Structure formats: structure tokens, C-alpha cells
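J.: Provide a 3D model corresponding to the input given below.
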Amino acid sequence: MIQLHDVDLKLLRVFATIVKCGGFSAAQAALNAGQSTISEQMAHLETRLGVKLCQRGRSGFQLTEQGMAIHEATLRLLAAVENFCLDADVLKQQISGQLNLGIIDSTITDPDSPIPRATQRFVSRGHDVHLNVYVGAPAELEERVLDGRLHLAVGHFPIHVPGLSYSALYQEALALYCGRRHPLHGSQAKGAELLKEVAASRLVARGYMQQYDLEQLGVSKAAATVDNIEALAILIISGAYLGFLPVHFAAPWVKNGEMRQLAAPQLQLMSPFDLISRRGVAPPPILQAFLEDLATCSRTPPHP
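T.: Residues are numbered from 1 along each chain as shown. Below you'll find the model as predicted:
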């Protein structure tokens, strides 16, 4: 069995940074070290572990099969070390350390999101905290909360995963949109006629909310699937597809004429945002403090 020492933790952090940056050269700035130093550190780590972690060459940086397994184990180990440090802070009665937050994409323009206000409130309290924010798809966020890489995450989670706790946070308004090149952009159709034309069009759906999106339209199959809002907007702007977008996100394109909202009650939705954390795990002080500020801001309407 390999015995880990302080130097091994340092080398594993180097390894994790290299993978995050996508290679030795790209990691130089993040590690504040030259490529030769990084190469020596990786060689030392491979010797300590007894496995080849990565390949470098004309095809670029690539993890070996053993390297991928070690990388996953490294992330779990570093998360456990961070959680230990957070737990140790309880003894000092001091809120400090790292807070790892996950958020679904394209919420920056949502005035109803409590995340910016909660962050400002949390930081203004003078906590000695380093905030890490990861933007990802719902399934990624759930996976990272489960394995401890994230303390909490906010997003759409239509299917609840065992081991996670879900609580409602706020709702987001969505509507169905078409691009200016789509036939419905200039259509005067309303009511049942509009719904019939929508059902006959190509529809793009969010992969993580596909069933929900399609049920609203009475359609059984999407013509395209995406895992983030920006990709969805690209396909709508192309004029080839219709799709649901957050009203706040679509607003700039509606204003400049690139998109049109198709107005009908059935084409407007309220999509829930949930807060997720690991079930059965007592939140450390740093997380508890942020959750309290988040709860306060979610109950307080944003300033006009």
C-alpha cells in the first residue's frame, strides 16, 4: 500500500492543475513554474505511484487509463482534505477556507436569481473564504456534489438522485422563441393555429428537461437536443428550430429583432431552480453561513 506524505499531496495538486489546464505548457502560469520543473514533478509522482499517468506528443496531452483513475481519486482526496480543514475550523470558531459552488449556465441575466445578492452579502461579512464557482450541466453538478468536489449547486434537477438533498430556491420564466429566419417570425397565427404550426416545426430541447419541454407542446420527439442554454440560443437564431429560452436571456435578441417570442399561454413556462447538497452530511460553518445568506436573499425581492 502506498503511504502518502506531504510531498505527495503537493504533487497530486500539481497533477490536478495540469489536467485542469489541459497540459504541461498551459499549467505553467497556474503553477508559477517552468515546464522542466513541472515535468520533474510529474516524473517524481509517477515513480511514487508506480504508474504512467499521461502521454505527451504531437497529438497533445492525454491521460492514460491509469491516469484517469488516479485523477478521479485525486479529486476525491483533495476534496476530503478540504472538508477536513473546514471541519477543523469549527474548533477555532472561525469561518475560513474554500467554498465550492456549482451553478447551471446562463443565469447571469436573471434578476430573480439570489446567487449574486447572496454572494455579496456573504463576502461583505469579512469571512476569510476563497470562493470557487463551477458552471456545468445538471448531471455534472449532481455528480460533483455527490463526490464532494462541490459543497452545493443550484440548477434544474427534474430527476432526484439518491444521496442528495433538494430544496426549492426560486423559479425562472421561459417562453418559446423563433429566429428571424424562421417562417413563424412573421406569422400572424394565434391560438390553436399557432400551436399547430409550432407542433409541425423542428424543436430543440434541453437534454436535462426534454420531457418537460416537449410535454408542454404536445410533441413526442425533439429534432435537436442541447445541454446548455447558449447552444439552444444558437440553434434558435439559425432560424431552423424553435425552443424554450429563459425570458431574461432571450431579451437582447428580441430587442434587436433576431428572435421573436411566440405568444400563447401554453408557450410560457415557469421552471424551478433547486439547491442541492449531500444528504446526511452536516454542513461545515462556511457552508452554513452561505446557506443562511442564500435563504435570506431568496426571500428578499431584488431591487428594481
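J.: Centre of the chain to stretch 269-287, how far?
T.: Distance of stretch 269-287 from the chain centroid (C-alpha atoms, centre = their mean, to the nearest Å) equals 14 Å.
J.: what mean pLDDT does that stretch have?
T.: For stretch 269-287, mean pLDDT is 86.
J.: domain assignment for this protein?
T.: Per automatic domain parsing, the domain ranges recorded for the chain read 6-75, 91-170+272-299, 173-270.
J.: Residue 84: which of those is closest?
T.: Of all the domains of the chain, it is domain 91-170+272-299 that lies closest to residue 84, at 9.8 Å by C-beta to C-beta. Bear in mind the C-beta positions are built from the backbone N, C-alpha and C, glycine included.
J.: for residue 174, what are its contacts?
T.: By C-beta atoms under 8 Å, 6 or more residues apart in numbering, the residues touching residue 174 are 244-247, 268-271.
J.: If it is in a bridge, with which residues?
T.: As for beta bridges, residue 174 partners with residue 246, residue 269 under DSSP bridges.
J.: Give me the pLDDT value at it.
T.: In this model, residue 174 is scored at 92, pLDDT.
J.: Pull out the buried residues from the helix or strand hosting residue 122.
T.: Assigned by DSSP states H and E, residue 122 falls within helix 115-124. Buried residues in helix 115-124, counted by 16 or more other C-beta atoms under 10 Å: 115, 117-119, 121-122.
J.: Closest one of these to residue 201?
T.: Residue 201 lies nearest to residue 115 out of those, by C-beta to C-beta, at 33.8 Å.
J.: From residue 108, how far out is the closest one?
T.: 9 Å (C-beta to C-beta, to the nearest Å).
J.: sorry, back to before: neighbour-wise, which of the contacts of residue 174 leads?
T.: residue 244 (27 neighbours; other C-beta atoms under 10 Å).
J.: mind listing what's buried in the longest helix along the chain?
T.: Scanning the chain for the longest helix, with DSSP state H as the assignment, gives helix 65-92. Using 16+ other C-beta under 10 Å as the test for burial, helix 65-92 gives 67, 70-71, 74-75, 77-79, 82-83, 86, 89.
J.: What of stretch 218-233?
T.: Within stretch 218-233, judged by 16+ other C-beta under 10 Å, the buried ones are 219, 222, 225-226, 228-229, 231-233.
J.: would a markdown table of the residues you listed with pLDDT be doable?
T.: Formatted as a markdown table, the buried residues of stretch 218-233 follow (pLDDT from 0 to 100):
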| residue | pLDDT |
| --- | --- |
| 219 | 82 |
| 222 | 89 |
| 225 | 90 |
| 226 | 92 |
| 228 | 90 |
| 229 | 92 |
| 231 | 94 |
| 232 | 94 |
| 233 | 95 |
